[in-house]
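Enquirer: Quick check, what structure comes out for this input:
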Amino acid sequence: MITALALLLAAGQLPPANPLPPPESEEAAVLQPVNALLAAIAARDGAAMAAQSAGSGTITVATENPDGSRTITHRTWASWPGA
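Expert: Numbering: from 1, shown residues only. From the prediction side, this is the model:
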């Protein structure tokens, strides 16, 4: 299957990709808190992240340190900076 797609792509025979239509009102309502959370993460705004989550929830933070080691921590929203 992947080989067939690669061949079609190389031959320029794939149909054009069209953008998805804007979400209807119901879909937009569902996506609103998701988009707000992703925007808060991008802004590194702890208070905005906490506003989009259940107060009793937790978060998992994965970081890669300059030496290449990785750290995974679990925190409550209440302990998150800016919450």
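
Enquirer: Now do the top helix by length along the chain: distance to the chain's middle.
Expert: For the chain, the helix with the greatest residue count under DSSP state H is helix 25-43. Chain-centre distance of helix 25-43: 10 Å, with C-alpha atoms, centre = their mean, to the nearest Å.

Enquirer: buried sites along the helix or strand following that helix?
Expert: Using DSSP states H and E, the next helix or strand after helix 25-43 towards the C-terminus is helix 46-51. For helix 46-51, a neighbour-count test (16 or more other C-beta atoms under 10 Å) marks G46, A48, M49, A50 as buried. Any C-beta I mention is one placed from the backbone N, CA and C, and that applies to glycine too.

Enquirer: Against which helices or strands is helix 46-51 packed?
Expert: Where contact means 3 or more C-beta pairs under 8 Å, 6 or more residues apart in numbering; DSSP states H and E, helix 46-51 is packed against helix 25-43.

Enquirer: Any chance you could list what contacts the longest helix of the chain?
Expert: P22, P23, G46, A48, M49, A51, Q52, S53 (C-beta atoms under 8 Å, 6 or more residues apart in numbering).

Enquirer: quick one: buried residues of that helix?
Expert: Those buried within helix 25-43 under the rule 16+ other C-beta under 10 Å are L37, A40.

Enquirer: Output that helix in PDB, but only the C-alpha positions, please.
Expert: Extracted in PDB, the C-alpha atoms of helix 25-43 (Å, rounded to 0.1, in the frame of the first residue of the first chain):
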ATOM      1  CA  SER A  25     -21.300  24.900  15.000                       C
ATOM      2  CA  GLU A  26     -21.400  21.600  16.900                       C
ATOM      3  CA  GLU A  27     -17.900  20.600  15.900                       C
ATOM      4  CA  ALA A  28     -16.600  24.100  16.600                       C
ATOM      5  CA  ALA A  29     -18.100  23.900  20.100                       C
ATOM      6  CA  VAL A  30     -16.300  20.600  20.800                       C
ATOM      7  CA  LEU A  31     -13.000  22.000  19.400                       C
ATOM      8  CA  GLN A  32     -13.200  25.300  21.300                       C
ATOM      9  CA  PRO A  33     -11.700  24.000  24.600                       C
ATOM     10  CA  VAL A  34      -9.200  21.800  22.800                       C
ATOM     11  CA  ASN A  35      -8.000  24.800  20.800                       C
ATOM     12  CA  ALA A  36      -7.900  27.000  23.900                       C
ATOM     13  CA  LEU A  37      -5.800  24.300  25.700                       C
ATOM     14  CA  LEU A  38      -3.400  24.100  22.800                       C
ATOM     15  CA  ALA A  39      -3.100  27.900  22.600                       C
ATOM     16  CA  ALA A  40      -2.400  28.000  26.400                       C
ATOM     17  CA  ILE A  41       0.300  25.300  26.000                       C
ATOM     18  CA  ALA A  42       1.900  27.300  23.100                       C
ATOM     19  CA  ALA A  43       1.900  30.400  25.300                       C
END
